[in-house]
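> sequence plus predicted model, see below.
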Amino acid sequence: MGVREFAKDNLRPLRKLFISSSLKLIFFGSFYLLLLACSTEGSTDVVAHSTQENVLLDTVYTLDTIGNTIEKRFPVPVGFSRVEYDDNTFAYFLRTLPLKSANSPVYLYDGSLKRNQAAVSAVVDIDVGRRDLQQCADAVIRLRAEYLWQQKEYDAIQFHFTNGFLAKYTKWRSGQRIRVNGNEVSWTSSRGEDSSYKAFRSYLNMVFAYAGTLSVAKELKEQSLSQIEAGDVFIQGGSPGHAIIVVDMVVHPETHQKRILLAQSYMPAQDIHVLQNPNADSPWYEVSTLEGVFRTPEWSFKGSDLRKF
């Protein structure tokens, strides 16, 4: 057998083995690349999904449970900025109201729990008293009077009773007291001047007893939604009526959209609390949606119910 025939006969199996191995290598290599491509494509989807999910999570509104004021408890919604208020304004006073710890319930004047805790977003850390007095309009009176007392604007602390009698705090502070006999109301001298906070609270209790949504609505001025500010009040005078107060506001610098936080007391007398928004996943109310009738957790108002001090 010649060398050529020997090589042909003995190298043929090796050639088949080489070709077979090469084909297997190409096949498995291609299969591996296909798997890698699929795996990489799958990873991209996961990353994209995770990124999208994170974006969504970033837009979900959550309270700052450590925050101890309205301003600190309620972060600004994405894209919005808080309206700037001077620190001596009523709006700033409301924004910086102290809050009870997160998840604190609302209590009634008698120490029992408010039934509808779902209406509550945060509880203002201010006493409600031990009598069934500080209800809805009374809470508005309380906050306004507390601000004026803090600013030492004593002459401005005056509120009408439902029958029209004007209860001036300066008279009460000077020692005079209010006598009620049926529908007749008058001042009477009873003691010397008392500028204490305790006397101020006694004055407010007297106002709470004889003022209400009817009298407060008459004292306030009409306000358009386009001009809304913290400190404005949505009020419906009646028996019963209801009143809620704007305690903070933010605005979008580009779209000029405004959003507000609302607070109330209710019946029976109870802790003043910041309201949830039953129409959204955030306690902030979009002002543009308040033109017609809008719902709060326990009352429906109209945009035309807006008033200002």
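Alright, I've got the coordinates.
> low-confidence ranges, this structure, go.
Where the chain drops to pLDDT under 70, the residues are 1-59.
> at 90 instead, please
Counting by pLDDT under 90, the chain has low-confidence residues at 1-60, 189-191, 239.
> that's a strand at residue 307, yeah?
Yes: under DSSP: H, G, I helix; E, B strand; the rest coil, residue 307 sits within a strand.
> please, where are all the strands along the stretch 51-200 of the chain?
Ranges of strands within the stretch 51-200 of the chain are 81-82, 120-123, 158-160, 166-168, 176-181, 184-189, based on DSSP state E, counting those that start in this stretch.
> quick one, what contacts residue 263?
Residues in contact with residue 263 (CB atoms under 8 Å, 6 or more residues apart in numbering) are 94, 124, 139, 244, 245, 247, 272, 273, 274, 275. Every residue, glycine included, has its C-beta placed from N, CA and C.
> quick check: which element contains the fourth one?
To tie it back to what came earlier, the one meant is residue 244. Using DSSP states H and E, residue 244 maps to strand 242-251.
> pairing partners for the helix or strand following that strand, with directions?
Using DSSP H and E, the next helix or strand after strand 242-251 towards the C-terminus is strand 258-264. With DSSP bridges as the test, strand 258-264 is paired with strand 242-251 (antiparallel), strand 273-275 (antiparallel), strand 285-286 (antiparallel).
> pull up the pairing partners for whichever helix or strand comes after the shortest one, direction included.
The C-terminal neighbour of strand 285-286 among helices and strands, as given by DSSP H and E, is strand 293-296. Paired with strand 293-296 in the same sheet, following DSSP bridges, are strand 299-302 (antiparallel).
> not counting the strand it pairs with itself, show me its contacts.
With contact meaning CB under 8 Å, 6+ apart, strand 299-302 is reached by 234, 236, 242, 244, 290, 292, 293, 294.
> need those in TSV (columns: neighbour count and distance to residue 178).
As requested, these are exported to TSV (neighbours: other CB atoms under 10 Å; distance: CB to CB, whole Å):
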residue	neighbour count	distance to residue 178
234	26	29
236	18	27
242	23	26
244	24	28
290	20	37
292	9	41
293	11	38
294	20	37
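> now the residues you listed as TSV including distance to residue 109?
Shown next, in TSV, are these (distance: CB to CB, whole Å):
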residue	distance to residue 109
234	23
236	23
242	18
244	19
290	30
292	34
293	30
294	28
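> tell me where the stretch 51-200 of the chain has helices.
Residue ranges of the helices in the stretch 51-200 of the chain, as given by DSSP state H, counting those that start in this stretch, are 70-73, 90-95, 136-150, 169-173, 197-210.
> out of those, flag the one nearest residue 257.
Counting by CB to CB, residue 257 lies closest to helix 90-95 out of those; the figure is 18.3 Å.
> residue 92 and residue 86 touch, don't they?
Yes: counting by CB atoms under 8 Å, residue 92 touches residue 86, with 6.4 Å between them.
> these two: which has the busier surroundings?
More crowded of residue 92 and residue 86, by other CB atoms under 10 Å: residue 92, with 17 against 7.
> what sits closest to that one if chain neighbours are left out?
residue 85 (4.2 Å; CB to CB, 6 or more residues apart in numbering).
> repeat that for residue 209.
residue 133 (5.9 Å).
> just residue 205 next, same as before
According to CB to CB, 6+ apart, the nearest residue to residue 205 is residue 133 (5.8 Å).
> please give me every residue in contact with the one you found.
Residues in contact with residue 133 (CB under 8 Å, 6+ apart) are 109, 205, 208, 209, 269.
> the first one: what's its closest spatial neighbour, skipping adjacent residues?
The one in question is residue 109. Excluding the flanking residues, the one nearest residue 109 by CB to CB, 6+ apart is residue 269, at 4.2 Å.
> next one: the one you found relative to residue 263, how far apart?
Distance, residue 269 to residue 263, using CB to CB, to the nearest Å: 15 Å.
> same deal with residue 62?
Using CB to CB, one gets 20 Å for the distance from residue 62 to residue 263.
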